[in-house]
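Visitor: sequence and predicted structure, then a few things I'm wondering about:
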Amino acid sequence: DVKVTQSSRYLVKRTGEKVFLECVQDMDHENMFWYRQDPGLGLRLIYFSYDVKMKEKGDIPEGYSVSREKKERFSLILESASTNQTSMYLCASQDRDRMYGYTFGSGTRLTVV
Amino acid sequence: DAKTTQPTSMDCAEGRAANLPCNHSTISGNEYVYWYRQIHSQGPQYIIHGLKNNETNEMASLIITEDRKSSTLILPHATLRDTAVYYCIVISRDYKLSFGAGTTVTVRA
C-alpha cells in the first residue's frame, strides 16, 4: 500500500528547462518535505511545508521553489534546471500529531544534461 | 547537524544477528528514536521506533538505554536482503529531519 507517491521514478531534463516534481500523500499529514540525496552528502533539506499554502526554506533552497495548494500534494519546482541539480529527490510526509514518524516516497532520480 | 552518531560500516554473516549501535546523547524528552534503512536507489524505509521502552516488530528489535543516550537496532536473523544503509535519527514534532551518513550494513553469505 503506497502512501507517498512521487510522480516519476527517473527523469532526464535539459539545462534551462523548468522541471516539476510531484509528490502526493494519502495519510492526511500536515508536514511535507523535499530532500535531495547525493553520494557522501546524505539527505539535505530543500523546502518543507507545515500546512496548505505554507512553505519554508530548508538548508539548500537556491534554485528551487515549491507549491502546496492542497494538503495532500507538495510540488518541487526547478525554475531553470542546471547540471548540479542532478540528484535523487525524496519527498516525505510527517505525522505531526502521532509519534512524528516520516514516510518517504520511492524517490525521483533526476538527470540534467 | 545530525543529532546521532553511528559506525560507518558493519559486516554481518547471513543468519546471524546484526546489532547496530547509535549514540544520541543530546536527545530531549519528547524526541523519538527512529530507525530507517535505504536500499540502493530507493526511498528510506521505516523499520522501528521508540521513546523509552524497548520495542519489537516483525523486522527488528530496538533497545534503548535507560538514560536514552544510546540505542541498538537488532536484526535477529540477517538475510542478504538486509544489506542496506541504516539510519538512526531522533524526531520531534515539526523537527526538520536530519540524516547522518548512517551505517552501511553488508550481509555476507
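Guide: Structure received.

Visitor: chain A: strands as residue ranges?
Guide: Remark: strands assigned in chain A by DSSP state E are A:4-6, A:10-13, A:19-21, A:23-25, A:31-38, A:42-49, A:56-57, A:64-70, A:73-78, A:87-94, A:102-104, A:108-112.

Visitor: could I get the ones you listed as JSON lines with mean neighbour count?
Guide: The way it works is simple: take the backbone N, C-alpha and C, and place the C-beta from them, glycine included. Output for the strands of chain A, formatted as JSON lines (neighbours: other CB atoms under 10 Å in any protein chain shown):
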{"stretch": "strand A:4-6", "mean neighbour count": "20"}
{"stretch": "strand A:10-13", "mean neighbour count": "14"}
{"stretch": "strand A:19-21", "mean neighbour count": "18"}
{"stretch": "strand A:23-25", "mean neighbour count": "22"}
{"stretch": "strand A:31-38", "mean neighbour count": "22"}
{"stretch": "strand A:42-49", "mean neighbour count": "21"}
{"stretch": "strand A:56-57", "mean neighbour count": "13"}
{"stretch": "strand A:64-70", "mean neighbour count": "16"}
{"stretch": "strand A:73-78", "mean neighbour count": "20"}
{"stretch": "strand A:87-94", "mean neighbour count": "24"}
{"stretch": "strand A:102-104", "mean neighbour count": "22"}
{"stretch": "strand A:108-112", "mean neighbour count": "18"}
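
Visitor: out of those strands, nearest to residue B:81?
Guide: Residue B:81 sits nearest to strand A:102-104 of all the strands of chain A, at 18.4 Å, using CB to CB.

Visitor: give me the mean pLDDT for that closest one.
Guide: With pLDDT averaged residue by residue, strand A:102-104 scores 90.

Visitor: same question, stretch A:49-69
Guide: Per-residue pLDDT values over stretch A:49-69 give a mean of 94.

Visitor: list, one by one, the residues from chain A near chain B.
Guide: Applying CB under 8 Å from any CB of the partner chain, we find that chain A lies next to chain B at A:4, A:31, A:33, A:35, A:42-43, A:45, A:48, A:50, A:58, A:88, A:90, A:92, A:94, A:96, A:99-107, A:109.
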